[in-house]
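Colleague: need a structure here:
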Amino acid sequence: MPPRIAIVYYSSSGVISQVAEHLAEGAAAQLAEVRIRALSGTGGTITPGADEPIEPTLDDLDWAEGMLIGTPSWFGNIAAPLKAFLDTSSPLALHGQLADKPVTGFTSASLPNGGQEATLLALYHTMFHWGSLIVPTGYTHPVLRRIGGNPYGLSLTAPTSGVLTAEQIEAARFVGGRLTRITRQQGFAGIRQLRDFWPADAPPRPQKHSPPRIPG
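Modeller: Predicted coordinates:
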């Protein structure tokens with residue numbers, strides 16, 4: 001079965017929307033089944049002939065075996081609409097349904113030092129709590145250095161034209177393909193692991209065997 005990849009993002013200017021499209025191309029080139037989901041309020045123009053973006057749901061996160069999650073860098077942090085959506089993920093996260101899934105973040109800012117690294121690290125805080133497998137870009141392709149050299153995830157400086165450069169497109173396609181390959185290597189296709197979940201607010205876990213009673 002092909003790896004199932006979800007691309008979930010919020011875009012204020014349309015740059016992150018473009019990145020998402022090219023990430024999807026890279027994933028599709030690796031024979032992934034891809035869902036692209038955009039949060040309400042996403043700005044920018046839609047590529048001619050492309051479908052209207054679909055709002056993400058928790059079902060998309062549960063369905064996915066690998067995830068690419070994107071946000072513009074707002075003051076070195078995650079855009080509020082994306083944060084609000086991620087904050088609804090507790091029903092999945094508390095039951096381990098997002099654990100062990102490879103995840104890569106992607107972001108953009110208007111300036112090279114506009115908070116891109118800080119935004120990715122802030123995004124990953126949620127994934128740490130999910131128990132997901134963070135997949136940093138590192139320097140796994142020369143083009144990643146040429147577009148800024150951020151090893152934490154895919155990030156780029158938004159072009160003044162509003163249109164991605166050829167190198168930025170190449171980087172996005174590479175990262176989409178890499179995340180897909182790693183997801184396939186994890187062997188997630190068609191597999192759902194059983195997880196031992198015990199809610200924090202539940203009574204103490206019962207012991208398998210009662211301790212021996214001491215006379216007297």
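Colleague: only C-alpha atoms for contact and neighbour calcs from this point on.
Modeller: Fine.
Colleague: ok, which stretches of this protein are helices?
Modeller: Ranges of helices in the chain, per DSSP state H, are 15-29, 58-63, 80-86, 90-93, 116-130, 142-146, 166-185.
Colleague: what about residue 143, neighbour count?
Modeller: Counted with other C-alpha atoms under 10 Å, the neighbours of residue 143 add up to 17.
Colleague: list the contacts for it?
Modeller: Residue 143 makes contacts with 167, 168, 170, 171, as judged by C-alpha atoms under 8 Å, 6 or more residues apart in numbering.
Colleague: please repeat the previous calculation with a cut-off of 10 Å.
Modeller: Applying C-alpha atoms under 10 Å, 6 or more residues apart in numbering to residue 143 gives the contacts 149, 167, 168, 169, 170, 171, 172, 174.
Colleague: relative to residue 11, how far out is the nearest residue to residue 19 once chain neighbours are set aside?
Modeller: Distances taken as C-alpha to C-alpha, 6 or more residues apart in numbering place residue 172 nearest to residue 19, at 6.1 Å, with adjacent residues excluded. Between residue 172 and residue 11 the computed distance is 15 Å (C-alpha to C-alpha, to the nearest Å).
Colleague: number of residues surrounding residue 58?
Modeller: 14.
Colleague: what's the closest of the helices of the chain to residue 70?
Modeller: Nearest of these to residue 70, taken as C-alpha to C-alpha: helix 15-29 at 6.8 Å.
Colleague: if you count contacts, what does the closest one end up packed against?
Modeller: strand 4-9, strand 33-38, strand 66-72, strand 102-109, strand 154-157, helix 166-185 (3 or more C-alpha pairs under 10 Å, 6 or more residues apart in numbering; DSSP states H and E).
Colleague: cutoff 7 Å now
Modeller: Secondary-structure packing of helix 15-29 (3 or more C-alpha pairs under 7 Å, 6 or more residues apart in numbering; DSSP states H and E): strand 66-72, helix 166-185.
Colleague: list the contacts for residue 36?
Modeller: Neighbour list for residue 36: 6, 7, 8 [criterion: C-alpha atoms under 7 Å, 6 or more residues apart in numbering].
Colleague: between the residues you listed, which sits nearest residue 123?
Modeller: residue 8 (12.4 Å).
Colleague: dig out what the closest one forms beta bridges with.
Modeller: Beta-bridge pairing for residue 8 (DSSP bridges): residue 37, residue 69.
Colleague: ok, it touching residue 70?
Modeller: Yes - with contact defined as C-alpha atoms under 7 Å, residue 8 reaches residue 70; the gap is 6.3 Å.
Colleague: hang on, the earlier thing: any chance of the helices and strands packed on helix 15-29 in JSON lines, plus mean neighbour count and mean pLDDT?
Modeller: Shown next, in JSON lines, are the helices and strands packed on helix 15-29 (neighbours: other C-alpha atoms under 10 Å; pLDDT from 0 to 100):
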{"stretch": "strand 66-72", "mean neighbour count": "28", "mean pLDDT": "98"}
{"stretch": "helix 166-185", "mean neighbour count": "22", "mean pLDDT": "97"}
